[in-house]
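Colleague: Coordinates for the following, if possible.
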Amino acid sequence: MSTLTIRTIMARPMLSTSRIMCARSFTSTRTLSQATQLRHNSLSLQPRAREADERRHETTVGSEGKGVEGPHPKDQTSVNALSDATGPWTLFNPIYTDKELNTVQVIERTPVTAGDKVAKGIVKSLRRVFDVITRYTPYEVPESVLKQNPIPIAQLRADGKLLSDHKWLFRIILLESVAGVPGMVGGTLRHLRSMRLLKRDGGWIHTLLEEAENERMHLLTFMTIAQPNWFTRALVLAAQGVFYNAFFLTYLFSPKVAHRFVAALEEEAVRTYTHCVKDMESGLIPEWQDKPAPRIAIDYWRLPSDAKLIDVIKAVRADEATHRFVNHSLANLDQKRDFNPFALAEASPEDRGLKWGYTREESALFAQRQQQKLIEESTQQTH
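Modeller: Numbering: from 1, shown residues only. Below is the predicted model:
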């Protein structure tokens, strides 16, 4: 994409998402009011700040405008939360169709920069340690064994080739207990930076805190199935203490590497949950066969009342694919100047499930498309 094209895209204000039905009034009175109140805007919106950016001949993803930090409650229309299975949500209550749940694929992004390679290497090392602690082996049971009646599940577990339901829960609870750390750390640091510099954040904070909350909901869901013992709780305590401080320092000095690290971590999470789904579909975890979904999961993901545990696992996997996609995309942006393209609109489920993320140019195009959709919808509503 040429520099002129990106500059043209960024010159337009990012208004809202096509998923949130907005009722906005673009009147001359409002325009005049904004002009007279310009001196009250944050430093990033002052004319001198814009002129400085133009002199640097640099472009940004997104730009200032109404709604770029997130949806306002008064801009939302009412939604029937109990009956609308695929409707829009203002909080991160992800809703998936069966097709979208089955779209997720195991994907890895090839590291390019030195920071990418460091982040990928650390994740791979942590994965090996984590596999040893949880006694996990990425073993695919041959078709010849799956055709046996009955399948020798006890023997496979004794040989260390198959995880029991308890070991799966142990692995998942450890994983989800630290997975909510990065979003909270990133959101906290960007929140403090926004206040410290007296500048708007560009929509990053909201997305990062949504990610943290989403990971916490994963943990709460699995906690309803099995309560961890003292050993698991001790590991969680130690892991959080070390990981929080390490990630805090990483994000403080290099948020780009931090986002790449999280994306690589989510690649491994998608791989783990995909393995779990395959085992369940193959009948290798009989304890979870036709096990009903926990009530908390039905409420959070708006699953059908007769949903099973495998539907929950697929929804969690889809969430992890979203985090993989978002963090890879954010890592490609200018961490100080670019707006978050996902502040108001999510990428399509196909992109989130089949692509590792957006390049910076693709993020700019995505922002442009969302603007065009909103303008068209606003025009239709006013006629």
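
Colleague: Identify each buried residue in stretch 177-195, please.
Modeller: For stretch 177-195, the neighbour count (16 or more other CB atoms under 10 Å) marks 177-190, 193-194 as buried. Every residue, glycine included, has its C-beta placed from N, CA and C.

Colleague: actually stretch 246-262, sorry about that
Modeller: So for stretch 246-262, counting by 16+ other CB under 10 Å, buried means 247-248, 250-251, 254-262.

Colleague: Run through who's touching that stretch.
Modeller: With contact meaning CB atoms under 8 Å, 6 or more residues apart in numbering, stretch 246-262 is reached by 115-116, 118-120, 122-123, 181-182, 185-186, 189, 323, 327-328, 330-331, 335.

Colleague: Kindly report the same for stretch 158-177.
Modeller: Residues outside stretch 158-177 that contact it (CB under 8 Å, 6+ apart) are 130, 133-137, 139, 141, 153, 156-157, 215-216, 218-219, 222-223, 225-226, 228, 232, 235-236, 239-240, 269, 272, 276, 279, 284-285, 287-288.

Colleague: Kindly report the same for stretch 110-130.
Modeller: With contacts defined as CB under 8 Å, 6+ apart, stretch 110-130 is touched by 109, 136, 171, 174-175, 254, 256-257, 260-261, 264-265, 267-268.

Colleague: between the residues you listed, which is nearest Pro292?
Modeller: Set against Pro292, the nearest of the contacts of stretch 110-130 by CB to CB is Arg171 (21.7 Å).

Colleague: Okay, and the closest one sits in which element?
Modeller: Here Arg171, judged by DSSP states H and E, is contained in helix 165-179.

Colleague: Show me which residues of that helix are buried.
Modeller: Residues of helix 165-179 classed as buried: 165, 168-179 (neighbour count, 16+ other CB under 10 Å).

Colleague: Could I get the contacting residues of the residue nearest to the spatial centre of the chain?
Modeller: Nearest to the geometric centre of the chain sits His323, at 2.7 Å (CA atoms, centre = their mean). Shown in contact with His323 (CB under 8 Å, 6+ apart): 211, 214-215, 262-263, 266, 269.

Colleague: what's the angle between the helix or strand harbouring it and helix 165-179?
Modeller: Assigned by DSSP H and E, His323 falls within helix 309-331. Inter-element angle recorded for helix 309-331 and helix 165-179: 30 degrees (by axes from the mean of the first three to the mean of the last three CA atoms, to 10 degrees).

Colleague: so how far is Ala234 from the nearest residue to Arg157 once chain neighbours are set aside?
Modeller: Leaving aside its sequence neighbours, Arg157 sits nearest to Ser164 (CB to CB, 6 or more residues apart in numbering; 5.5 Å). Note on Ser164: its distance to Ala234, by CB to CB, to the nearest Å, is 21 Å.

Colleague: Kindly report the same for Leu126.
Modeller: Counting by CB to CB, the gap from Leu126 to Ala234 is 18 Å.

Colleague: In terms of neighbours, single out the busier of these two.
Modeller: Shown here are Leu126 and Ala234; by other CB atoms under 10 Å, Leu126 has more neighbours (16 against 11).

Colleague: Can I take it that that one is in a strand?
Modeller: No: residue state for Leu126 (DSSP: H, G, I helix; E, B strand; the rest coil) corresponds to helix; a strand is not indicated.

Colleague: got the buried residues for the longest helix seen in the chain?
Modeller: Taking DSSP state H as the criterion, the chain has its longest helix at helix 255-281. Applying a neighbour-count criterion of 16+ other CB under 10 Å, one finds 255-277, 279-280 buried in helix 255-281.

Colleague: Stretch 226-242 now?
Modeller: So, applying 16+ other CB under 10 Å, buried residues of stretch 226-242: 228, 232, 235-236, 239.

Colleague: Just the ones in helices from these, please.
Modeller: Per DSSP H, the buried residues of stretch 226-242 map to helices at 232, 235-236, 239.

Colleague: which one of those residues is nearest Gly202?
Modeller: Checking these against Gly202 by CB to CB gives Ala239 as the nearest, at 31.3 Å.

Colleague: any idea how far Ala297 is from the closest one?
Modeller: 24 Å.

Colleague: next one: Lys291
Modeller: 11 Å.

Colleague: Quick check, pLDDT for Ser177.
Modeller: For Ser177, the model assigns a pLDDT of 94.

Colleague: same question, Ala364
Modeller: Looking at Ala364, its pLDDT is 88.

Colleague: Tell me the buried residues in whatever helix or strand it lives in?
Modeller: Secondary structure from DSSP H and E places Ala364 in helix 360-382. Neighbour-count burial for helix 360-382 flags 360, 362-368, 370-371, 373-374, 377-378 (criterion: 16+ other CB under 10 Å).

Colleague: Distance to Ile310 added to the residues you listed, as a markdown table?
Modeller: Putting the buried residues of helix 360-382 into a markdown table (distance: CB to CB, whole Å) gives the following:
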| residue | distance to Ile310 |
| --- | --- |
| Arg360 | 37 |
| Glu362 | 33 |
| Ser363 | 34 |
| Ala364 | 38 |
| Leu365 | 36 |
| Phe366 | 32 |
| Ala367 | 36 |
| Gln368 | 39 |
| Gln370 | 33 |
| Gln371 | 39 |
| Lys373 | 34 |
| Leu374 | 37 |
| Glu377 | 37 |
| Ser378 | 41 |
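
Colleague: Just the closest of those to Phe339, please.
Modeller: Checking those against Phe339 by CB to CB gives Ala367 as the nearest, at 7.4 Å.

Colleague: hang on, isn't that closest one packed against Val61?
Modeller: Yes: using CB atoms under 8 Å, Ala367 is in contact with Val61, at 6.4 Å.

Colleague: Return the member of the buried residues of helix 165-179 nearest to Lys199.
Modeller: Taking CB to CB as the measure, Ala179 is the one of those closest to Lys199, at 29.4 Å.
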